[in-house]
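Visitor: Provided below are the primary sequence and the corresponding predicted coordinates.
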Amino acid sequence: MTTAIRSNNRLDVLLDSSAELFSERGYQAATMRDIAKKCGMLPGSIYYHYPNKEALLVGVYEEGVRQLSERVQREIARATDPWERLELMLAAHIEMIVEPTAYASVIIRILPDDVPSAREELVRLRDKYEVYLRDLVGALPLPKDVDRRLLRLFLIGSVNHIPVWHRPGGESPKQIARQLTRVFRRPLQVKPRESK
């Protein structure tokens, strides 16, 4: 599936409106007619930019990944220590999902398996973003027996679940990221006792 490049105001409005409706109603319930109405376009005009609803969802995902990636890049560039870079990445990710934009909600709520016809593209976009976490976890000074893939999966699963329990006025994204980093860092630096 190919997606249009965000290059004009009409496309911006289309993507923003689509993200809002997908976030509010879910992918299945948001119709192309509803999206066209929300963004002030004729239903047929959407097809000038995207051939179908699945391609439009991919366009929304792509924009969400772009926004999140830019935010993460900006944050991790501020540090050189691997643990601090991980903490900054987690804080940026948490900020985006607990103070969600419609794009972040779509990325978190609409899973690739929910839309089989777009699954391959959605997984590609998700994986493109998760490279940051893979590289950051790969740079951590960890014991050799620590499975970095599992650590990365635990981290992303934990972080993506935060909107379920987080309440406004509670811990800030930076506080959560700091604690989450500590939870993983301290036990991993303690050498396990040899079993007898």
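Guide: Yep, that arrived.
Visitor: Just give the nearest non-adjacent residue to Val106, would you?
Guide: Phe22 (4.9 Å; CB to CB, 6 or more residues apart in numbering). Glycine gets a C-beta too; all of them are placed from N, C-alpha and C.
Visitor: what's the distance between that neighbour and Pro168?
Guide: 23 Å (CB to CB, to the nearest Å).
Visitor: Comparing these two, which shows the higher neighbour count?
Guide: With neighbours defined as other CB atoms under 10 Å, Phe22 and Pro168 compare such that Phe22 has more, 25 against 6.
Visitor: biggest helix in this structure, by residue count?
Guide: Ranked by residue count and defined by DSSP state H, the top helix of the chain is helix 53-76.
Visitor: Could I get the average pLDDT for the helix or strand following that one?
Guide: Per DSSP states H and E, the first helix or strand lying C-terminal to helix 53-76 is helix 82-98. Helix 82-98 shows a mean pLDDT of 95.
Visitor: could I get the helix or strand that comes right after helix 82-98 in PDB with only the CA atoms?
Guide: Note on helix 82-98: by DSSP H and E, the next helix or strand toward the C-terminus is helix 102-109. Below are the C-alpha coordinates for helix 102-109, written out as PDB (Å, rounded to 0.1, in the frame of the first residue of the first chain):
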ATOM      1  CA  ALA A 102      -5.700  11.300  18.100                       C
ATOM      2  CA  TYR A 103      -2.700   9.900  16.200                       C
ATOM      3  CA  ALA A 104      -1.200   8.400  19.300                       C
ATOM      4  CA  SER A 105      -4.600   6.900  20.300                       C
ATOM      5  CA  VAL A 106      -4.900   5.300  16.800                       C
ATOM      6  CA  ILE A 107      -1.300   3.800  17.100                       C
ATOM      7  CA  ILE A 108      -2.000   2.400  20.600                       C
ATOM      8  CA  ARG A 109      -5.600   1.300  20.100                       C
END
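Visitor: Now do helix 102-109: which elements does it pack against?
Guide: helix 9-25, helix 53-76, helix 82-98 (3 or more CB pairs under 8 Å, 6 or more residues apart in numbering; DSSP states H and E).
Visitor: That one: what's the following helix or strand?
Guide: Immediately after helix 102-109, counting by DSSP H and E, sits helix 119-138.
Visitor: Which elements pack onto that following helix?
Guide: helix 53-76, helix 82-98, helix 148-165.
Visitor: Tell me which of the ones you listed sits nearest to Gly138.
Guide: Minimum separation from Gly138 across those (CB to CB) falls at helix 148-165, 6.1 Å.
Visitor: So which other helices or strands are in contact with the closest one?
Guide: Contacts defined by 3+ CB pairs under 8 Å, 6+ apart place helix 148-165 against helix 82-98, helix 119-138, helix 173-189.
Visitor: The same query, at a cut-off of 6 Å, please.
Guide: Judged by 3 or more CB pairs under 6 Å, 6 or more residues apart in numbering; DSSP states H and E, helix 148-165 is in contact with helix 82-98, helix 119-138.
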